[in-house]
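A.B. asks: could you work out the structure for the sequence below:
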Amino acid sequence: MTVEQNGLCECCKEVESERSMCDFCETLVPHITGQQTGLIQDEETIERFRNDLRNPKSDITQIWRRVRAFGMENNKDSFPPPSKDQEWLFGEPPVWSLSEEDMVAISVARTTRMDDYRSRRLARGGILPDGTHVSLAGGSFYVDGHPCRIPFRGLMKMLERHPRACQRVNWKQLLRSVDLALNTRSVNSYYGRQRTPILHPASEIFAVNVIDSFLMMEMMRRVSPRATRPVFSSKLWFSGSAWLTRWDSMLANRVRGLQEDDLKVPRTLIEKNGKLFLRVRRNRGWKRIELESDPRTWEAIVTWALSPPDHDDHRRLRTLQQHIFADSQMGLIEQSDINGIRFLREVISNNDRASLDSENDQIVVEGTSGLNYAVIPGKGGHNTRFVVSPLREPRRNNAAEAAHGWARMRQRMFDGSNAICIVETHQLRRLVLGDALGTITLSLLDDLESSKHINTLSSHIRRHRPRQPIHPAVQQHNRAVELRQLLERNMIEQERIRATESFPRLFSVLLRLPLGSRVTFTAINRDHTPNVRFDDSDTTFTTRNINDRRVMYKLLEASGWIRDREEEQVRGETRVYIRAGTGNRDLGPAVEEISELLEPRVIANGIRIVAGPIWRFFERRNPGTDQALLPGTDEHIR
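C.D. replies: Take a look at the predicted model:
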């Protein structure tokens, strides 16, 4: 169901939103799915691509076969034809090939030293069908003398299974394009936090006006001195490739340069243990599946991955990731994740000292110590799913700030380096992301109590809490106010207030208004706005369910109100009541009937939360008409 039809969040289907998703889903879904909400494909695009693939089932083999056929038809010229005009200094090297023992030795090279004979042979290398030279030295692969990550197991499968198709492949450009597509430079990873989405893998070639690569390298070195120097690709390496031509065409038609937001894409290709994987959504969540070992499939997927984000091929890849490998009726996230988002929303909405800063993708929390914290979803230290940082001042996120790259990076690096190290326990790791964030938010709301169990939080409070001591009586008072606020938001307490305070106050209004007064009693409003309004007072009331309506009918009957059908026709309202009588002088029997309707609302898990009968909260003797309203009743009664 679309947002235009009902205005509800398309993810949780609970909260109305002007955008496709509510703030909470928009903040958490990228971290749950690995897909930025703005990159999630619409129904029309999904259906069109399914038709292009002739509506495949979720069978992996069938999908790859359809993708390969589609690529052969629509991506025929992904890379220019290979050229074999090469001269070798010391004779032509042998054909490149790896045995199973070679592949095992390469896989364990980091922990087990490779024997010298094998190491020399692999360093000498060999040539692929198009004459491209591949070698291995120092644990890294090289293509024509330049470092290049190679999914060597997948490459060997292609050479063995499809020798004829491999003869027509420009291996130099394909392997270098695969290496480029494997770049996973997160948008904010240069100051210590792994975030989704990533910058487009081709950004290091085109986006020099977004983040200078050498400046980024310097930032990484300062955050982590062990960070290795990235290897930057040359645009000339990919001359004639379809994806490079698309970038040149797109940039030639742009008035302004590329910005960071223009280059945000989801993570696509992953290389592990010599195999090339694509991250996709299956029926049981996000998984990595190996690309079909066919050079035509690799050419299509790599071309799609390196095409500009707005190009149809890149949209096809996102659709393939998000929807083709899963059943078509499957929701964006699982019900357990939706429940987690609901829990986090309730935690924040039920506490004045917590709020969601969706602009900066963080939860802002004020602890009982008076210190403020930012809980940021994303990969943190010790592989946690969030980062907790001290919040000193609101961070701005606007275009003017984007122009000052140095200042912005220093601030981000400063924030990341001062993060409070809070490690997820085993119990917390079992929870979905929303539940984990809600739990850590509750812990920070009472940071003084939590600091007794979290050493890093305790030391942070000792260093930064104001030094002037707070009087114990003031602490007790603040704690009592906080407990009172929490109690008022408790669902059981709200039911008690309705039964013992709200309805008795409303009954007193019905008993005191003069004869001839009118009240409009409409259906329950979807937005919970008042649906009980009086003509002769400012009193309003909201019924929330059928039990409330039954109680309301009894209150009207006991105090002498009847339907005014003529006035209903004049006003065009469903129910208008007029006070035609005063009701009985002894209201005891009527009040007891009303109390029986309210009795289940003060019982929770078999325990009665109100001492004594409910009827004692209602007036049992009729005060008579035209009396002054009691204090606190000539207003909205919650």
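
A.B. asks: quick one: low-confidence residue ranges for the stretch 351-500 of the chain.
C.D. replies: 392-417, 466-469 (pLDDT under 70).

A.B. asks: the same query, at a cut-off of 50, please.
C.D. replies: Low-confidence segments of the stretch 351-500 of the chain (pLDDT under 50): 394-406, 408-416.

A.B. asks: shaky segments in the stretch 51-200 of the chain?
C.D. replies: Using pLDDT under 50, the stretch 51-200 of the chain drops low at 188-195.

A.B. asks: do that again at 90, thanks
C.D. replies: Scanning the stretch 51-200 of the chain with the threshold set as pLDDT under 90 gives 52, 54-59, 74-77, 81-93, 109-113, 138-139, 145, 183-200.

A.B. asks: can you pull out the helices in it?
C.D. replies: Applying DSSP state H, counting those that start in this stretch to the stretch 51-200 of the chain gives helices spanning 60-74, 100-107, 116-124, 152-161, 163-166, 171-181.

A.B. asks: hmm, who's touching the fourth one?
C.D. replies: Read it as helix 152-161. 97-98, 103, 106, 128-129, 141, 165-166, 175, 273-276, 290-291, 293-295, 298 (Cβ atoms under 8 Å, 6 or more residues apart in numbering). (Glycine included, C-beta is placed from N, CA and C.)

A.B. asks: quick one: buried ones out of those residues?
C.D. replies: Neighbour-count burial (16 or more other Cβ atoms under 10 Å) applied to those gives 98, 106, 128-129, 141, 165-166, 175, 274-276, 290-291, 293-295, 298.

A.B. asks: looking at these, which are in strands?
C.D. replies: 141, 275-276, 290 (DSSP state E).

A.B. asks: buried residues in stretch 362-371?
C.D. replies: Applying 16+ other Cβ under 10 Å to stretch 362-371 flags 362-369, 371 as buried.

A.B. asks: secondary structure and distance to Thr543 added to the residues you listed, as JSON lines?
C.D. replies: JSON lines is the format used below for the buried residues of stretch 362-371 (DSSP: H, G, I helix; E, B strand; the rest coil; distance: Cβ to Cβ, whole Å):
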{"residue": "Gln362", "secondary structure": "strand", "distance to Thr543": "38"}
{"residue": "Ile363", "secondary structure": "strand", "distance to Thr543": "34"}
{"residue": "Val364", "secondary structure": "strand", "distance to Thr543": "35"}
{"residue": "Val365", "secondary structure": "strand", "distance to Thr543": "35"}
{"residue": "Glu366", "secondary structure": "strand", "distance to Thr543": "35"}
{"residue": "Gly367", "secondary structure": "coil", "distance to Thr543": "38"}
{"residue": "Thr368", "secondary structure": "coil", "distance to Thr543": "37"}
{"residue": "Ser369", "secondary structure": "coil", "distance to Thr543": "42"}
{"residue": "Leu371", "secondary structure": "coil", "distance to Thr543": "42"}
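
A.B. asks: Leu356 is nearest to which of the helices of the stretch 51-200 of the chain?
C.D. replies: Nearest to Leu356, of all those, is helix 171-181, at 34.3 Å by Cβ to Cβ.

A.B. asks: against which helices or strands is that closest one packed?
C.D. replies: With contacts defined as 3 or more Cβ pairs under 8 Å, 6 or more residues apart in numbering; DSSP states H and E, the packing partners of helix 171-181 are strand 140-143, strand 269-272, helix 295-306.

A.B. asks: quick one, the following helix or strand past the longest one and helix 60-74 angle?
C.D. replies: Meaning helix 295-306. Next helix or strand after helix 295-306 toward the C-terminus (DSSP states H and E): helix 312-319. Angle, helix 312-319 to helix 60-74, by axes from the mean of the first three to the mean of the last three Cα atoms, to 10 degrees: 170 degrees.

A.B. asks: the following helix or strand past helix 312-319 packs against which elements?
C.D. replies: Next helix or strand after helix 312-319 toward the C-terminus (DSSP H and E): helix 335-349. Packing partners of helix 335-349 (3+ Cβ pairs under 8 Å, 6+ apart): helix 23-33, strand 354-357, helix 433-445.

A.B. asks: okay if I get the ones you listed as CSV plus distance to Glu160?
C.D. replies: CSV is the format used below for the helices and strands packed on helix 335-349 (distance: least, Cβ to Cβ, whole Å):
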stretch, distance to Glu160
helix 23-33, 36
strand 354-357, 53
helix 433-445, 42
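
A.B. asks: indicate which one of the ones you listed is closest to Trp286.
C.D. replies: helix 23-33 (6.5 Å).

A.B. asks: so what's Ser508 closest to, chain neighbours aside?
C.D. replies: In space, and not counting its chain neighbours, Ser508 is closest to Leu630: 5.2 Å by Cβ to Cβ, 6 or more residues apart in numbering.

A.B. asks: and the nearest residue to Gly367 once chain neighbours are set aside, what does it touch?
C.D. replies: Residue nearest to Gly367 in three dimensions, not counting chain neighbours: Asp447, with 3.2 Å by Cβ to Cβ, 6+ apart. By Cβ under 8 Å, 6+ apart, Asp447 lies in contact with 367-369, 371, 373, 457, 461.

A.B. asks: just the terminal-to-terminal distance for stretch 263-282.
C.D. replies: Using Cα to Cα, to the nearest Å, one end of stretch 263-282 lies 26 Å from the other.

A.B. asks: ok, back up a step: show me which of the contacts of Asp447 is closest to Leu251.
C.D. replies: Within the contacts of Asp447, the smallest distance to Leu251 is 41.8 Å, found for Tyr373 (Cβ to Cβ).

A.B. asks: thought His382 was touching Val423?
C.D. replies: Yes. His382 is within contact range of Val423, at 4.9 Å (criterion: Cβ atoms under 8 Å).

A.B. asks: compare these two (neighbour count), which wins?
C.D. replies: More neighbours surround Val423 than the other of His382 and Val423, with 13 against 9 (other Cβ atoms under 10 Å).

A.B. asks: quick one: residues contacting that one.
C.D. replies: Val423 makes contact with 381-382, 384, according to Cβ under 8 Å, 6+ apart.

A.B. asks: that older thread, could I get the helices and strands packed on helix 335-349 as CSV with distance to Ala558 and mean neighbour count?
C.D. replies: Below are the helices and strands packed on helix 335-349 laid out as CSV (distance: least, Cβ to Cβ, whole Å; neighbours: other Cβ atoms under 10 Å):
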stretch, distance to Ala558, mean neighbour count
helix 23-33, 44, 23
strand 354-357, 43, 19
helix 433-445, 44, 22
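
A.B. asks: kindly report the domain assignment for this protein.
C.D. replies: For the chain, automatic domain parsing gives the domain ranges 100-324, 338-392+410-485, 491-637.

A.B. asks: quick one, what contacts Phe386?
C.D. replies: 375-378, 380, 436-437, 440.

A.B. asks: swap in 10 Å and give it another go.
C.D. replies: 31, 193, 362-363, 375-380, 419, 422, 424, 428, 433, 436-437, 440-441 (Cβ atoms under 10 Å, 6 or more residues apart in numbering).

A.B. asks: can you check Ile150 too?
C.D. replies: Contacts for Ile150 were tallied using Cβ under 10 Å, 6+ apart; they are 106, 134, 136, 140-143, 171, 175-176, 178-179, 271, 274, 276.

A.B. asks: ranking the helices and strands packed on helix 171-181 by burial, who's on top?
C.D. replies: Per residue and on average, the most neighbours among the helices and strands packed on helix 171-181 fall to helix 295-306, with a mean of 26 (mean count of other Cβ atoms under 10 Å).

A.B. asks: kind regards, and thank you for your time.
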